[in-house]
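Student: Structure for the following, please:
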Amino acid sequence: MPTSYDIPEVLDRREGPHGEVVLRRHGDLLQIIANGCFLMDTSDGRSERLLVDAALGALHGRPRPDVLIGGLGVGFSLAHAAADPRPGRITVVERERAIIDWHLDGPLSDFSARPSRTRARRFWKRISCHTYMRLPPRMTHCVSTSTTAPAGLSPRATTASTHRPDWQAAQGR
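Tutor: Reported below is the predicted structural model:
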């Protein structure tokens, strides 16, 4: 576990369409920093797994639903969704190319788990979840792992199901 005197090591720093993103190592943890603000790290992933479970549980037995993961982060949501046999196609939308690269060939590849990346790789989209959801509807369910919700959802809503652009939000637990 990191101690207060540990100095994080910057592994990669890039300018993206929405500012600077940084991948740091702090002790045993990897951290993602955006525009100087801590986003997430590899310390736990419990909340990401709970979001996926809540989203899939809200589907009430729909066969092989497509799943949209908004924001790749450190990959816990993708790994958990891919390990569950219920989802059909898994689409991940991530607006930052750097974060995708860190999962494909970098230090975060172990957290998104190679089998889950293989299952979802051809469906990775380099756009924001907000932009993706304005496209013609195609997804059965969305799991947002970002701190900002897609269009039409309050930031407190964590899962939503849709066949149309008008969302029906289900509060995460």
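Student: And the next helix or strand past the longest helix seen in the chain?
Tutor: Criterion DSSP state H: the longest helix present in the chain is helix 46-57. Next along the chain after helix 46-57, taking DSSP states H and E as the criterion, comes strand 67-70.
Student: Pull out the buried positions in stretch 36-54.
Tutor: 39-42, 45, 48-49, 51-54 (16 or more other Cβ atoms under 10 Å). Quick note: C-beta positions are derived from backbone N, CA and C, even for glycine.
Student: Please apply the same query to stretch 80-91.
Tutor: Those would be 80-82, 87, 89-91, for stretch 80-91 by 16+ other Cβ under 10 Å.
Student: May I ask which two of those are separated the most?
Tutor: Using Cβ to Cβ, the pair of the buried residues of stretch 80-91 lying farthest apart is H80 and R89, separated by 15.9 Å.
Student: Now do the host helix or strand of A79 against helix 46-57, angle only.
Tutor: Element membership for A79, per DSSP H and E: helix 76-83. Here helix 76-83 points in a direction 40 degrees away from that of helix 46-57 (axes from the mean of the first three to the mean of the last three Cα atoms, to 10 degrees).
Student: Could I get the CA-only coordinates of the helix or strand just after helix 76-83 as CSV?
Tutor: Per DSSP H and E, the first helix or strand lying C-terminal to helix 76-83 is strand 90-93. Below are the C-alpha coordinates for strand 90-93, written out as CSV (Å, rounded to 0.1, in the frame of the first residue of the first chain):
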residue,chain,number,x,y,z
ILE,A,90,-20.3,-5.4,-25.3
THR,A,91,-19.6,-2.0,-26.6
VAL,A,92,-17.2,0.3,-24.8
VAL,A,93,-17.1,4.0,-25.5
